[in-house]
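Visitor: Provided below for reference: sequence and predicted model.
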Number of protein chains: 2
Amino acid sequence: MARWEPGARERLVVAAVDLFTEQGYDATTVAEIAERAGVTRSTFFRHFADKREVLVAGQETLSTLLAEGIADAPAGAGPLQAVAAGLERASGAMGPANRELGPRIKAAVAASTELQERDALKSVGLAAAMTAALTARGVPDPVAHLAAELGVLAFKRGYAEWSEGGDDTGGLAPHALAALAELHNATSALGRPG
Amino acid sequence: MARWEPGARERLVVAAVDLFTEQGYDATTVAEIAERAGVTRSTFFRHFADKREVLVAGQETLSTLLAEGIADAPAGAGPLQAVAAGLERASGAMGPANRELGPRIKAAVAASTELQERDALKSVGLAAAMTAALTARGVPDPVAHLAAELGVLAFKRGYAEWSEGGDDTGGLAPHALAALAELHNATSALGRPG
């Protein structure tokens, strides 16, 4: 029986990001990540399918929180108001460790095409989760799809701003909501397509 | 010296899509794709780095055409008008073969996480190319980013509609432009974020 290991998952993420930064993603093995985190290889594989998955840890949690926040928004809330509720819910799960890791994860992803691909698919997954939650509220296509894409952009822009030294009062939420408001304002500057 | 091989690249794409559909992406080898296309393995590798790249063939061409169309839009064109010009330019490069392959490529991508990742990164690349072209026109952030994302969504939605049996009069362009207009209309249904 495996004993209970407090924080093993978090330690694995930190160890992986450190090693990817120090020696590159390709050169890093699962054994090295486990060793740096002070756990066994089998503990690694209880938490992650492979080393690539470490960097998108929490995608399912994020998707679930975004969707729950959207589902729980007041009945009269419009599409972007519901998205804002999703961003608030998801932001609540992002603490100081996420903030501190942000720039290092960004650097590791920038240095590896394989991680860029996985990261891009993560965004697709978050958008799909939000689109489904908005559709369930009766938001028609393509408004649901568009609102979800704005939500993903706002989350990423807010996270970048927060983790790259922005004010930390209130955590990620105010940054994500400010980014959403900024994107909403930008819609009025698009002009007509034809 | 390699002799000139008319259509080798196109034949490789068709062969790969056929094999991915028939026997799955994982089970298909480069040797099989080359054999089906009637070319040597070394010809395959003159065109593609690996079997995954076959399915995103043309990404660089597409990016270039989208960016050129945006750059060549009239000086007074707004952001979405410039995006529309990019979509028109890129649509011109998509012929009957692209239309016919669409649903089969979609099926192959849906069946493989690896292809989904590559496909997601392709969208990121197209958006980045359009964002850069819009920024070069003086469109400020985040309007440029947002307009580019709408452009990617419009291209994908238009392509899906066109290749899944939509009217083929005028090729892909009218479908992509209709999708862009629909997305633009959707912006007014988003409501305020807070």
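Guide: Thanks, I have it.
Visitor: by contact count, what packs against the one helix or strand A:Q81 maps to?
Guide: Using DSSP states H and E, A:Q81 sits within helix A:79-91. Applying 3 or more Cβ pairs under 8 Å, 6 or more residues apart in numbering or on different chains; DSSP states H and E, one finds that helix A:79-91 contacts helix A:59-71, helix A:113-136, helix A:143-163, helix A:173-187. Every C-beta, even on glycine, is put in place using the N, C-alpha and C of the backbone.
Visitor: just put the ones you listed in TSV and tack on mean pLDDT, mean neighbour count and distance to B:G171.
Guide: What follows is the helices and strands packed on helix A:79-91, written out as TSV (pLDDT from 0 to 100; neighbours: other Cβ atoms under 10 Å in any protein chain shown; distance: least, Cβ to Cβ, whole Å):
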stretch	mean pLDDT	mean neighbour count	distance to B:G171
helix A:59-71	94	20	36
helix A:113-136	94	20	27
helix A:143-163	96	24	24
helix A:173-187	97	21	29
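Visitor: how about CSV for those helices, with distance to chain B added?
Guide: Output for the helices and strands packed on helix A:79-91, formatted as CSV (distance: least, Cβ to the nearest Cβ, whole Å):
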stretch, distance to chain B
helix A:59-71, 13
helix A:113-136, 4
helix A:143-163, 5
helix A:173-187, 4
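Visitor: among those helices, which is nearest B:E161?
Guide: Of all those, helix A:143-163 sits nearest to B:E161, with 13.8 Å by Cβ to Cβ.
Visitor: what's that closest one packed up against?
Guide: Packing contacts for helix A:143-163, counted by 3+ Cβ pairs under 8 Å, 6+ apart, involve helix A:79-91, helix A:96-110, helix A:113-136, helix A:173-187, helix B:143-163, helix B:173-187.
Visitor: possible to save the ones you listed as TSV with distance to A:G158?
Guide: Shown next, in TSV, are the helices and strands packed on helix A:143-163 (distance: least, Cβ to Cβ, whole Å):
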stretch	distance to A:G158
helix A:79-91	7
helix A:96-110	11
helix A:113-136	13
helix A:173-187	3
helix B:143-163	14
helix B:173-187	20
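Visitor: follow-up on the earlier one: can you put the helices and strands packed on helix A:79-91 in TSV and add distance to B:Y159?
Guide: Listed next are the helices and strands packed on helix A:79-91 as TSV, based on distance: least, Cβ to Cβ, whole Å:
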stretch	distance to B:Y159
helix A:59-71	26
helix A:113-136	16
helix A:143-163	15
helix A:173-187	23
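Visitor: looking at these, which is nearest to B:L19?
Guide: Nearest of those to B:L19, taken as Cβ to Cβ: helix A:113-136 at 21.7 Å.
Visitor: CA atoms of the closest one as PDB?
Guide: What follows is helix A:113-136, C-alpha atoms only, in PDB (Å, rounded to 0.1, in the frame of the first residue of the first chain):
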ATOM      1  CA  THR A 113       7.400  22.300 -29.700                       C
ATOM      2  CA  GLU A 114       6.000  19.200 -28.000                       C
ATOM      3  CA  LEU A 115       5.000  21.300 -25.000                       C
ATOM      4  CA  GLN A 116       3.600  24.000 -27.200                       C
ATOM      5  CA  GLU A 117       1.400  21.400 -28.900                       C
ATOM      6  CA  ARG A 118       0.200  20.100 -25.600                       C
ATOM      7  CA  ASP A 119      -0.400  23.600 -24.300                       C
ATOM      8  CA  ALA A 120      -2.400  24.500 -27.400                       C
ATOM      9  CA  LEU A 121      -4.600  21.500 -26.900                       C
ATOM     10  CA  LYS A 122      -5.100  22.500 -23.300                       C
ATOM     11  CA  SER A 123      -6.600  25.800 -24.500                       C
ATOM     12  CA  VAL A 124      -8.900  23.900 -26.900                       C
ATOM     13  CA  GLY A 125     -10.100  21.800 -24.000                       C
ATOM     14  CA  LEU A 126     -10.800  24.800 -21.800                       C
ATOM     15  CA  ALA A 127     -12.700  26.500 -24.600                       C
ATOM     16  CA  ALA A 128     -14.700  23.300 -25.300                       C
ATOM     17  CA  ALA A 129     -15.600  23.000 -21.600                       C
ATOM     18  CA  MET A 130     -16.800  26.600 -21.500                       C
ATOM     19  CA  THR A 131     -18.700  26.400 -24.800                       C
ATOM     20  CA  ALA A 132     -20.600  23.300 -23.400                       C
ATOM     21  CA  ALA A 133     -21.400  25.100 -20.200                       C
ATOM     22  CA  LEU A 134     -22.700  28.100 -22.000                       C
ATOM     23  CA  THR A 135     -24.700  26.000 -24.500                       C
ATOM     24  CA  ALA A 136     -26.300  24.300 -21.500                       C
END
